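J.: Sequence plus predicted model, see below.
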Amino acid sequence: SRSATASPAHRPRAHQLVTLACTFAPMWRRSWSVLAKAGCRLPRAGGAGKVPLPKGFGSCGAAAASASAVVGAAAALRSGPPASCDEPAPFCGRGSAALSRTNNSALPPRPAHHVLRPDVDPRMDASVLIRFNPPEHLRTGAAVLVFPGGNYEQVCMDKEGHKAAVWLNSLGITAIVLRYRCITEGHYWPAQLEDAELAMRMVHDNATVWRIDRYRVGVMGFSAGGHLAGMTAAAEDPAVKPNLQILVYPCIDVTKPEWWPWKVCDGFPPFGDSPHLLVHPGTPPAFLTVSTEDDLCSAEHNTKPYEDRLRAVGVPVEHVIRPMGKHGHGMDGGWKEECETWLRARGWVAEVGGKIA
């Protein structure tokens, strides 16, 4: 059987390859730069479409080229994110050579990623914030932290995350989508609430750098994310409390529906963590919307009891109930127009000319 280490006969050859790679890496890095500008495909060791290497150079040349790739990538990382990316944006990439030849001014701002707990192995904690900046001529300074749904078992980042962010950006609002930890990953409640509260603290702490008005930071949630937004809105700590809430077909009473209640033994929130039980006079204004065709998070069991509690303590509420499709319709259903009007009345939306309403 083969030994785990190279035999003495192979060691000199391996040493030569490493030496050649280190020697020729600077030369190949300059060559790659010229080839890239010329639109040529770059060499890959053992791959198809290689740029011809000098005759007789063989695998040593491939090794040198591969070493150059590593050196070039390391240099790019050391030089930091591009000027177009706001700080801190640790995962804002540089893009490809093809992209650099396009008109970048015509592209929307690239989202910035912010890890909630950078000191924790991401294989154990995948929580991250994705910040979508609005066009500069529309920016109002307002921001909304978005919590997608997914029954706390997954995070629907597409129709309840990215699409919500794009819509908010069109209004001049900075959208910050939270990818929270999930029960299916071994993170039982209240891990999700811990993520939401930490995310809100990060938004407040970075308000100046991210060009956000810390007194106009709201939350928006769908389904289970609506429950998370409602729980965040129940906070009394100013460092966590939002200034308004938008709940789209939210789960409010965690014991409903009776045919599919959340069970504490499975890692879900207990009944005491139902937002309608935690309403107080300082709870922020709410925009609630749910479809009459929603049989999972119905208005009867969720938004209606929440509305009643909010009104009882004097909290302003806008409640939209009408046919909009089954549960999980996302940004569809026509509720966006009414929500935009509601946000405009609070000075959070930009007019077409860039002036705040």
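T.: Nice, I can see it.

J.: can you give me the helices for this protein?
T.: Taking DSSP state H as the test, the helices found in the chain are 11-37, 58-78, 97-100, 163-170, 191-205, 224-233, 303-312, 335-344.

J.: any idea which of these scores lowest on pLDDT?
T.: For the helices of the chain, the weakest mean pLDDT is recorded on helix 58-78, namely a mean of 44.

J.: Now stretch 292-309: buried residues?
T.: Neighbour counts over stretch 292-309 (16 or more other C-beta atoms under 10 Å) mark 294, 296-299, 301-307, 309 as buried. (C-beta placed from N, C-alpha, C; glycine too.)

J.: Also stretch 223-235?
T.: Buried-residue list, stretch 223-235, by 16+ other C-beta under 10 Å: 223-235.

J.: Return the alpha-carbon coordinates of it using PDB.
T.: Below are the C-alpha coordinates for stretch 223-235, written out as PDB (Å, rounded to 0.1, in the frame of the first residue of the first chain):
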ATOM      1  CA  SER A 223     -44.600  34.200   8.400                       C
ATOM      2  CA  ALA A 224     -42.200  32.900  11.000                       C
ATOM      3  CA  GLY A 225     -40.100  36.000  10.200                       C
ATOM      4  CA  GLY A 226     -43.200  38.100  11.100                       C
ATOM      5  CA  HIS A 227     -43.300  36.400  14.500                       C
ATOM      6  CA  LEU A 228     -39.600  37.300  14.900                       C
ATOM      7  CA  ALA A 229     -40.300  40.900  13.800                       C
ATOM      8  CA  GLY A 230     -43.200  41.100  16.300                       C
ATOM      9  CA  MET A 231     -41.000  39.800  19.100                       C
ATOM     10  CA  THR A 232     -38.300  42.400  18.200                       C
ATOM     11  CA  ALA A 233     -40.900  45.100  18.200                       C
ATOM     12  CA  ALA A 234     -41.900  44.100  21.800                       C
ATOM     13  CA  ALA A 235     -38.500  45.000  23.100                       C
END
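
J.: Could you list the low-pLDDT ranges of the stretch 251-357 of the chain?
T.: Within the stretch 251-357 of the chain, the stretches with pLDDT under 70 are 352-357.

J.: what's the burial count for the nearest residue to Ala312 once chain neighbours are set aside?
T.: Excluding its sequence neighbours, the residue lying closest to Ala312 (C-beta to C-beta, 6 or more residues apart in numbering) is Val279, at 7.7 Å. Using other C-beta atoms under 10 Å, Val279 is surrounded by 21 other residues.

J.: you'd agree Val279 is up against Glu307?
T.: No - checked against C-beta atoms under 8 Å, the pair Val279 and Glu307 is beyond contact range at 10.0 Å.

J.: Apart from its neighbours in sequence, what residue is nearest Leu310?
T.: In this structure, Leu310 finds its nearest non-sequential neighbour in Val317, 4.9 Å apart by C-beta to C-beta, 6+ apart.

J.: Quick check: bridge partners of the one you found?
T.: Ala286 (DSSP bridges).

J.: how much space is there between it and Lys256?
T.: Distance of Val317 to Lys256, given as C-beta to C-beta, to the nearest Å: 20 Å.

J.: Repeat that for Arg123.
T.: Taking C-beta to C-beta, one finds Arg123 at 35 Å from Lys256.

J.: okay, the two: which has more neighbours?
T.: Set Arg123 next to Lys256 and count neighbours by other C-beta under 10 Å: Lys256 wins out with 19 against 7.

J.: Check the gap between the more buried one and Phe147 for me.
T.: 19 Å.

J.: Equivalent analysis for Pro281, please.
T.: Counting by C-beta to C-beta - Pro281 and Phe147 are separated by 24 Å.

J.: which of those two has more neighbours?
T.: Between Pro281 and Phe147, counted using other C-beta under 10 Å, Phe147 has the larger neighbour count: 33 against 9.

J.: ok, now which ones touch the closest residue to that one other than its chain neighbours?
T.: Spatial nearest neighbour of Phe147, chain neighbours left out: Gly225 (3.4 Å); criterion: C-beta to C-beta, 6+ apart. Counting by C-beta atoms under 8 Å, 6 or more residues apart in numbering, Gly225 touches Val146, Phe147, Pro148, Gly149, Gly150, Glu160, Pro250.

J.: run the last query once more with 6 Å
T.: Contacts for Gly225 (C-beta atoms under 6 Å, 6 or more residues apart in numbering) come out as Phe147, Pro148, Gly149.

J.: Mind putting those residues into CSV with pLDDT and distance to Glu337?
T.: Shown next, in CSV, are the contacts of Gly225 (pLDDT from 0 to 100; distance: C-beta to C-beta, whole Å):
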residue, pLDDT, distance to Glu337
Phe147, 98, 22
Pro148, 98, 21
Gly149, 98, 21
